[in-house]
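Asks: requesting a structural model of the entry that follows:
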Amino acid sequence: MEKPHLTHTVAKDKAAECLELAAAAGHVAHRLIIENMAKTWERIAEVLEDDAQPPQ
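Replies: So this is what the prediction gives:
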């Protein structure tokens, strides 16, 4: 079975999942860690989206 490729859409979805988990976190430290994970996924999505753009 072939692994799916990481795309900016997949990374955005992962960021959204992290934000949902952070909202449900019972401890402030856990929420902050998961929010940082979401920010990292968002940065990855931005890079992947930029890479997908044709050069000007």
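Asks: which intervals of this protein have sub-threshold pLDDT?
Replies: Low-confidence segments of the chain, defined by pLDDT under 70: 4, 54-56.
Asks: spatially, what comes nearest to the spatially most central residue of it if we skip its sequence neighbours?
Replies: Nearest to the mean C-alpha position of the chain, by Cα atoms, centre = their mean, lies residue 41 at 2.5 Å. Counting by Cβ to Cβ, 6 or more residues apart in numbering, residue 41 lies nearest to residue 15, which is 3.7 Å off, once chain neighbours are set aside. C-beta: built from backbone N, CA, C; applies to glycine.
Asks: what's the strand or helix carrying that neighbour packed up against?
Replies: Per DSSP states H and E: residue 15 is located in helix 8-24. Using 3 or more Cβ pairs under 8 Å, 6 or more residues apart in numbering; DSSP states H and E, the elements in contact with helix 8-24 are helix 28-52.
Asks: neighbouring contacts of the helix it packs on?
Replies: Contacts with helix 28-52, where a contact means Cβ atoms under 8 Å, 6 or more residues apart in numbering, come from 6-9, 11-12, 14-16, 18-19, 21-23, 25.
Asks: which of these are buried? Put it as a PyMOL command.
Replies: Here is the PyMOL command that selects the buried residues among the contacts of helix 28-52 (16 or more other Cβ atoms under 10 Å):
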select buried, resi 8+11+12+14+15+18+19+21+22
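Asks: which two of the contacts of helix 28-52 have the greatest separation?
Replies: For the contacts of helix 28-52, the farthest-apart pair by Cβ to Cβ is 7 and 25; their separation is 27.0 Å.
Asks: and the gap between residue 32 and residue 7?
Replies: Residue 32 sits 27 Å away from residue 7, going by Cβ to Cβ, to the nearest Å.
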